[in-house]
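Colleague: This is a predicted model, with the sequence first.
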Amino acid sequence: MLRRIFAWIAAIIAGAVLGLGSAWAVLKFGGQSFTEDYGRWEFSRAAGSTAAGPYTRAIIARGGLLALSAREAVYFSLYTDEHNRPLSESCIYTLAGRPLDARWWSVTLYADDNFLAQNNDNAYSIDATRIGNDAPWTARISPVRGDAANWLSSREARRGFVIMLRVYNPQRDFRPSEQTLPVLTTVSCAGDTP
């Protein structure tokens, strides 16, 4: 009888260790990839999906994204420049886009901790309301505004920040592609030699 109790206790402990270990590994290393790539932009069909499993929901929650369903909004994330380098506040970038087949869209810059950069620039986001939804547009991403009409401040965003594109109420014929999503171009980086 005592042997059976120890076997049950050992099984419970082993199950708890395996369960917690697998949850930690998925959260730490990302687990199975749930993303699609459109150029440098990443898109997750799991964000906002009721079919997402517990590990997928944990990964999304850890990233701080409270996602709407895909009928209401789709989310694209940009982590690297055209040279596959992590985005950095020491660089100046240009983001150029065209009209999107959606009711509304926004582009927001999040620091390396997935929160808004801790600065007083009040330049965290641009959107269709400010830019318009019927003409090509450009925005400057840098720690200093310069003479840009549209600016996302990367001051205090550090190395490894993310740019998130949210497309709200996409039309039925909305098809993301490398050609339809905004294009990021590196203008310069501190320390680059001419």
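Modeller: It's in.
Colleague: what stretches of the chain score poorly on pLDDT?
Modeller: Across the chain, the ranges flagged by pLDDT under 70 are 21-34, 45-71, 133, 192-194.
Colleague: now the helices: where do they sit in this structure?
Modeller: 2-29, 54-62, 128-131 (DSSP state H).
Colleague: what domains does the record give for this protein?
Modeller: 1-31, 32-188 (automatic domain parsing).
Colleague: Mean neighbour count added to the ones you listed, as TSV?
Modeller: Using the backbone N, CA and C atoms, a C-beta is placed for each residue, glycine as well. Compiled in TSV, these are given as follows (neighbours: other CB atoms under 10 Å):
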stretch	mean neighbour count
domain 1-31	10
domain 32-188	16
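Colleague: Skip the chain neighbours and tell me the closest residue to the most centrally placed residue in the chain.
Modeller: Centroid-nearest residue in the chain, with CA atoms, centre = their mean: S77, separated by 3.2 Å. Take S77 and drop its neighbours on the chain: the residue closest to it by CB to CB, 6 or more residues apart in numbering is E42, 4.9 Å away.
Colleague: I'd say the one you found and Y75 touch.
Modeller: No: with contacts counted by CB atoms under 8 Å, E42 stays clear of Y75, the gap being 9.2 Å.
Colleague: re the thing from before, contacts only, for the residue nearest to S77.
Modeller: T35, E36, F76, S77, L78, Y79 (CB atoms under 8 Å, 6 or more residues apart in numbering).
Colleague: one more time with 7 Å
Modeller: Contacts here follow CB atoms under 7 Å, 6 or more residues apart in numbering; on that basis E42 touches T35, F76, S77.
Colleague: go on, L95?
Modeller: Contacts of L95 by CB under 7 Å, 6+ apart are V107, T138, A139, I141, P182, L184.
Colleague: From E42, how far off is it?
Modeller: The gap separating L95 from E42 is 16 Å, by CB to CB, to the nearest Å.
Colleague: Tell me the one of the contacts of L95 nearest N84?
Modeller: The nearest member of the contacts of L95 to N84, counting by CB to CB, is L184 at 11.8 Å.
Colleague: Which strand residues bridge that closest one?
Modeller: On the basis of DSSP bridges, L184 takes part in beta bridges with L95.
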